[in-house]
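**Student:** Need the 3D shape of this:
(2 chains)
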Amino acid sequence: MATLAAHLDRPSAPAEQPHGLGLTYHRLMLVMLLFVGVTLVIVGRLAMLQLFTDRGAAAQLANPLLPPRGDIVDRNGVPLARTIQAWSIGARPREIIGDRRDLARRLSQLIPERSAAQFYALLSDRRSFVYLTRPASPELVTAVNGLGEPGIVFSREPERLYPQTALAGHVIGWTDTGGRGIGGMEKALQSRLMDPAHRGNPVALSIDSRVQAVMESELSTAVTSMSAEGGTGIVLDVRTGEVIAMASAPTFNPNDAGRYGRDALLNRATVSVYELGSTFKPITVAAAMEAGVITSMRQTWDASAPIPIGRFQIHDDHPMGRALTVPELMVHSSNIATARVADAMGPERMQTAFRTLGFNAMVPIEIGERGRTLWPRDWGRATVMTSGFGHGIAVTPLHLAIAYATLVNGGIYRPATLMRVAPGQAAQGRRVYSEATSYRIRQLLRLVVMRGTGRNANAPGFRVGGKTGTAEKVSNAGGYNRSVNVSTFAGVFPMDAPRYVVLVMIDAPRGTAANSGVTTAAWTAAPVVSRVISRTGPLLGIIPDLNRDIPTSELMPPVAAAAAGH
Amino acid sequence: MMAGGFRPVGWVAALGAAALGCYMLSLRVASERADLARLDRKIVATQQSIRSLQTEVGTRSRIPQLEDWNEEVLALAAPGADQFVSANVSLARFDLRAPQPTDPAEIRLASAESAAPAPHQAAPAPAASVQRAVAAPAPAAAPQAQVRRASLDVGAPAPAPAKARTEAPRERARLAPAPIRTATAPERRDAAPVRTASNDERRRPAAAPASTRNAAAPERRREAVLVRTAAAQPPRARPAAALVPTRAAATARPARAAGARSLLDGRTRRELGDRARGERQRGTRD
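**Tutor:** Next up is the predicted model:
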């Protein structure tokens, strides 16, 4: 059939010439359409790529403005810790083409930290890459680049920089070369600082760098001039528990923390525990007022003779030899009268008084460097009496600062914090003392500065109140060393509306010209508090006013009578 | 047929043009995007350099460094409690500008009267002259005249003698020749005023003008203007100043002899004393 058809078709083949041409056209058309189609597909694909590729995500992944580790700033936004791109200089020993000895010699001229021999050893290393120095200054990079050795490579690496150098070193802490927080807030905030969602925003601490600087400079001046072992200074906001300044002397520079010894790295404000002496007396008095043991400011407590307790005696530095009222007890800082108050309180109530202030636990603050307090095991009569004036129980200076904030702020205990607290966001706190007790303590503390042992802490116009505390230090051999003191002044200002606790403790000051040879708190710590308050008061928004004060006249008669009889 | 034959070519051309158009568009968009990305990178680089520069500035001006500089060079100290002013009234104490003729009279009236305490404490001779002097203008002159004169006392002790000197021609014209004579006498030159000065230097300038005023009472207004111009000169520019108190004292002397007692009655004296006391309590400007 097919052959037949072929046969039949053959004669008509020439006649179909135009038909064959049409077929060719069609085929050509098909091929062309194919090309056009392919082009269209490619164009369409390109358009799709162009239109629907999400560039935003890619840009965000490698956002160059997002620091590898979040910044830390103070409460006013002053940078305390930043991560910068620092240069590092390395070498690929196998790719070095110049003379290694000559190169090592020239390197050691530029980088004196290492000798030529050490550089030679590095350059001859078998490893493929060695660091020559990091971080390196841009000048050094330029100079080393000028050596023209292709085996030396430069790279930029993130480096943690503390622009304020030693300022608030104990609070900020420091990081290792790998960028992990080692101490202070760097460690406490490690996850927050590395969190990609948050690290773009700096973390604001409660520290005010200006106040911190003043505190550090005054403290280090005092510690140096009195040849003391160390010291600490704290400024605490009584309303929020924010730590405005926390200094510890000697200090260290977190940019180069590895160079310092344990003594400098030690944060004496939160780690070291001390028997803080007479600064405990207001706590005892307040607790006794709350417990109803002290009912009146005219009630007297016998201080006529030392109290014998076992092997030793409780005695006064300035024996009055008679019964004292509570204002007199504070003004003359009488151990005997305070011991009698504590004795009347009894062990349970005294323990409760200290427990409610957290003296039996580590101090509540973010940083990890916190010391365990020395809480007496046996609350015998002697312990109760001595704890009333701050012996036999050892707490950190920050514990005491929190306790003073509680005493004067109306009686609300709030934990300390190193994070900035937004206005109105302060911790709820819990009530420890009544408003009336708090007010009375404020009057008493002001009286101590106006008429008592704390006169040197006064700063004109700032209405300073506070209490001195001179404790004898426990010697290595055991027992107290009378000549070595821990001198503390816990101050509060302004007393008519308390805002800040300023606490200064000087550890083992020696008698020098700076303190007229007297190592008690009145001559060591109190003047520092006075200077710090006069310098920082206006910065903290407290305008000195000579015409304002907390009324203390109702407490005056008992003290005036005492002064007359003295 | 021809049109039919070229139609596919037309199609192809149209398609090619469309494809080319699409491609051009895409190219254009791509280049715009590249520009944007370049700008973004530039912004990022700028922000990074801003950050690094801020870090550098912040590090160089770190607070411990500033404090070191302050200790070494600037020696600035924190303001004391008395340097803060709480109210406008206490701020007025610090008004130290030069007194103007248009100033209200009250304050200077008060300081003019500071001459009055002299009778109570100073030596009798100058005291009498002062009393006389202050009392004399009281009934005759307008209050502001007293006031202007007194403004000299406020400025500095030196202008007072100068004032006396400027008045000299007029005085000489009207006064008896006696004062002039005493002024030239060398012994007399440092008689009375020196004694007054040693008694109380604050009172001396007040005493001198007071005595001259006694002499030149009718022309008080013009004289006051002259006085101010004299006071405006620096004290050292007047070499003859030393002579003046002498003459002032000399003129005062006859005045005292004449009628101090009669002109200063008890009531005036009491008033003067009250004012002076009030002024002392408020705290004088000099």
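**Student:** Please name the residues that touch A:Leu444.
**Tutor:** By CB atoms under 8 Å, 6 or more residues apart in numbering or on different chains, the residues touching A:Leu444 are A:Pro282, A:Val285, A:Val326, A:Pro327, A:Met330, A:Gly465, A:Leu555. In short, each C-beta sits where N, CA and C put it, glycine included.
**Student:** For the helix or strand encompassing the first one, give me every contacting residue.
**Tutor:** So that's A:Pro282. Assigned by DSSP states H and E, A:Pro282 belongs to helix A:281-291. Among residues not part of helix A:281-291, those counted as contacts by CB under 8 Å, 6+ apart are A:294, A:326, A:329-330, A:333, A:338, A:341-342, A:344-345, A:349-350, A:352-354, A:357, A:388-390, A:403-404, A:407, A:433-434, A:437-438, A:440-441, A:444-445, A:467.
**Student:** How about stretch A:319-338?
**Tutor:** Contacts to stretch A:319-338, defined as CB under 8 Å, 6+ apart, come from residues A:278, A:281-282, A:284-285, A:294, A:297-307, A:314-318, A:341, A:388-389, A:444-445, A:447-448, A:451-453, A:467-468, A:555, A:558-559, A:562, A:565-566.
**Student:** Repeat the analysis, applying 7 Å as the threshold.
**Tutor:** Under the contact criterion CB atoms under 7 Å, 6 or more residues apart in numbering or on different chains, stretch A:319-338 has outside partners A:278, A:281, A:284-285, A:294, A:297-304, A:306-307, A:314-316, A:318, A:388-389, A:444, A:447-448, A:451-453, A:468, A:555, A:558-559, A:562.
**Student:** just stretch A:194-207 next, same as before
**Tutor:** Contacts for stretch A:194-207 (CB under 7 Å, 6+ apart): A:66-67, A:69-75, A:80, A:168, A:171, A:185, A:189, A:192-193, A:242-245, A:417-421.
**Student:** among the residues you listed, which are in helices?
**Tutor:** A:Val171, A:Met185, A:Arg192, A:Leu193 (DSSP state H).
**Student:** Which pair in those has the greatest spatial separation?
**Tutor:** Greatest spatial distance among these (CB to CB): A:Val171 and A:Arg192, at 15.6 Å.
**Student:** For those two, indicate the residue with more neighbours.
**Tutor:** Taking other CB atoms under 10 Å in any protein chain shown, A:Val171 and A:Arg192 do not tie; A:Val171 has more neighbours (31 against 14).
**Student:** Wait, the more buried one touches A:Ile244, no?
**Tutor:** No - contact criterion CB atoms under 7 Å: A:Val171 and A:Ile244 do not qualify, at 10.9 Å.
**Student:** I'd like the contacts of A:Leu444 as CSV, with neighbour count and pLDDT appended.
**Tutor:** Below are these laid out as CSV (neighbours: other CB atoms under 10 Å in any protein chain shown; pLDDT from 0 to 100):
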residue, neighbour count, pLDDT
A:Pro282, 25, 95
A:Val285, 27, 95
A:Val326, 25, 92
A:Pro327, 27, 91
A:Met330, 29, 91
A:Gly465, 32, 94
A:Leu555, 23, 79
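**Student:** In the chain, where is pLDDT below threshold?
**Tutor:** Picking chain A for this. Low-confidence segments of chain A (pLDDT under 70): A:1-18, A:54-64, A:476-478, A:556-566.
**Student:** Chain B was what I was after
**Tutor:** Within chain B, the stretches with pLDDT under 70 are B:1-4, B:98-100, B:103-266, B:269, B:279-286.
**Student:** Now for the residue of it found nearest chain A: which residues touch it?
**Tutor:** Closest residue of chain B to chain A, CB to the nearest CB: B:Ala81 (2.8 Å). By CB under 7 Å, 6+ apart, the contact list for B:Ala81 reads A:Pro460, A:Gly461, A:Pro544, A:Leu546.
**Student:** which ones are touching the third one?
**Tutor:** For A:Pro544, the contacting residues are A:Pro460, A:Gly461, A:Phe462, A:Gly537, B:Ala81, B:Phe84, taking CB under 7 Å, 6+ apart as the criterion.
**Student:** tell me the secondary structure for the third one?
**Tutor:** Reducing the assignment to helix, strand or coil with DSSP: H, G, I helix; E, B strand; the rest coil, the entry for A:Phe462 is coil.
**Student:** Against A:Ile412, how distant is it?
**Tutor:** 23 Å (CB to CB, to the nearest Å).
**Student:** Of these two, which one has the most company?
**Tutor:** Per other CB under 10 Å, whichever of A:Phe462 and A:Ile412 has more neighbours is A:Phe462, with 27 against 20.
**Student:** residues touching the more buried one, list them.
**Tutor:** A:Phe462 makes contact with A:Phe493, A:Pro494, A:Ile533, A:Ser534, A:Gly537, A:Ile542, A:Pro544, according to CB under 7 Å, 6+ apart.
**Student:** ok so, going back, and of the ones in helices among the contacts of stretch A:194-207, the nearest to A:Val518?
**Tutor:** A:Val171 (31.4 Å).
**Student:** how close does the closest one get to chain B?
**Tutor:** 14 Å (CB to the nearest CB, to the nearest Å).
**Student:** Can you classify A:Glu218 as helix, strand or coil?
**Tutor:** Using three-state DSSP, the structure places A:Glu218 in helix.
**Student:** Buried ones from the contacts of B:Ala81, can you make that a PyMOL selection?
**Tutor:** With 16 or more other CB atoms under 10 Å in any protein chain shown as the burial test, the buried ones among these are selected in PyMOL as follows:
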select buried, chain A and resi 461+544
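**Student:** Can you get me a residue count around the closest residue to A:Ala514 other than its chain neighbours?
**Tutor:** Spatial nearest neighbour of A:Ala514, excluding adjacent residues (CB to CB, 6 or more residues apart in numbering or on different chains): A:Ser225 at 3.7 Å. Other residues within reach of A:Ser225, judged by other CB under 10 Å, total 15.
**Student:** doesn't A:Pro509 make contact with A:Ser225?
**Tutor:** No - in this structure, A:Ser225 is not within contact of A:Pro509 by CB under 7 Å, at 9.1 Å.
**Student:** CSV please, covering the contacts of A:Pro544 and showing distance to A:Ala91.
**Tutor:** Compiled in CSV, the contacts of A:Pro544 are given as follows (distance: CB to CB, whole Å):
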residue, distance to A:Ala91
A:Pro460, 63
A:Gly461, 63
A:Phe462, 60
A:Gly537, 56
B:Ala81, 63
B:Phe84, 62
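**Student:** Of those residues, which is the nearest to A:Leu40?
**Tutor:** Checking these against A:Leu40 by CB to CB gives A:Gly537 as the nearest, at 78.7 Å.
**Student:** Ramachandran coordinates for the spatially closest residue to that closest one that is not a sequence neighbour?
**Tutor:** Using CB to CB, 6+ apart and skipping residues adjacent in sequence, the residue nearest A:Gly537 is A:Phe462, 5.1 Å away. Note on A:Phe462: backbone dihedrals following degrees, to the nearest 10 are phi -100, psi 0.
**Student:** A:Arg431 now?
**Tutor:** Torsion angles, degrees, to the nearest 10, at A:Arg431: phi -80, psi 130.
**Student:** who touches the residue in chain A that chain B sits nearest to in this structure?
**Tutor:** Closest to chain B within chain A is A:Gly461: 2.8 Å, counting by CB to the nearest CB. For A:Gly461, the residues meeting the contact criterion (CB under 7 Å, 6+ apart) are A:Pro544, A:Asp545, A:Leu546, B:Ala81.
**Student:** Now do it against A:Arg239, distance only.
**Tutor:** Going from A:Gly461 to A:Arg239 by CB to CB gives 21 Å.
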